[in-house]
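S.K.: Sequence and computational prediction follow.
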Amino acid sequence: MVKKSERPHLSVLETKWDKYWKNFWSGTKPDIEDSWCITGRVDSKLKQRLTLNINKIINHHDIFKIGKTGDSYIRSDHKDYRNDYTFMYMIYKSSSKDNVSKLEEHYIEKYMNSHPNKNQNRRIYSPGKTMYSYDGYYYLYIVCCD
């Protein structure tokens, strides 16, 4: 079992007033949609399910970007996602950083080739930033804009 951090999360610490001013100055953050999130061992069946879900999601949006994170609340709060994207779809959850990283690279490459005009990813490999998790899980996600 993954051990959860004992520190209070930023989502609990921020007041409505803090959120109001952040939205006022930096724009609104994307809505996090986690009903698409699946788990499981990475194999061909899981990739098939993920591909079907991704195709359903991106067919309803003009642009999208694929990424990974250890904390969806914090990632969606960054300035590069505020105002640029409307929705953040969590599509895969794992306790393994490596599984999430490999899936991210696989899907970025796949959709850079098949949807070059809609895909906002500019490179397959992520820069050397270390991914940290608040709850011990890592996520593959898609951010989209209408």
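M.R.: Perfect, thanks for sending it. Numbers count the residues shown, from 1 in each chain.

S.K.: where in this protein is pLDDT low?
M.R.: Across the chain, the ranges flagged by pLDDT under 70 are 1-13, 127-129.

S.K.: the longest helix in the chain is where?
M.R.: The residue-count maximum for a helix in the chain (DSSP state H) belongs to helix 97-114.

S.K.: Output the contacting helices and strands for that helix.
M.R.: Contacts defined by 3 or more CB pairs under 8 Å, 6 or more residues apart in numbering; DSSP states H and E place helix 97-114 against helix 44-58, strand 63-69, strand 87-94, strand 138-145. Backbone N, C-alpha and C define where each C-beta goes, glycine included.

S.K.: Please export the C-alpha coordinates of stretch 15-29 as PDB.
M.R.: Listed next in PDB are the C-alpha coordinates belonging to stretch 15-29 (Å, rounded to 0.1, in the frame of the first residue of the first chain):
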ATOM      1  CA  THR A  15      -9.200  29.700   0.900                       C
ATOM      2  CA  LYS A  16     -11.900  30.800  -1.500                       C
ATOM      3  CA  TRP A  17     -10.400  34.300  -1.300                       C
ATOM      4  CA  ASP A  18      -7.000  32.800  -2.400                       C
ATOM      5  CA  LYS A  19      -8.600  31.000  -5.300                       C
ATOM      6  CA  TYR A  20     -10.600  34.000  -6.400                       C
ATOM      7  CA  TRP A  21      -7.400  36.200  -6.600                       C
ATOM      8  CA  LYS A  22      -5.400  33.500  -8.300                       C
ATOM      9  CA  ASN A  23      -8.200  33.100 -10.900                       C
ATOM     10  CA  PHE A  24      -8.400  36.800 -11.300                       C
ATOM     11  CA  TRP A  25      -4.700  37.400 -11.900                       C
ATOM     12  CA  SER A  26      -3.700  34.100 -13.600                       C
ATOM     13  CA  GLY A  27      -6.900  32.900 -15.300                       C
ATOM     14  CA  THR A  28      -9.100  29.900 -14.500                       C
ATOM     15  CA  LYS A  29      -7.600  26.400 -14.200                       C
END
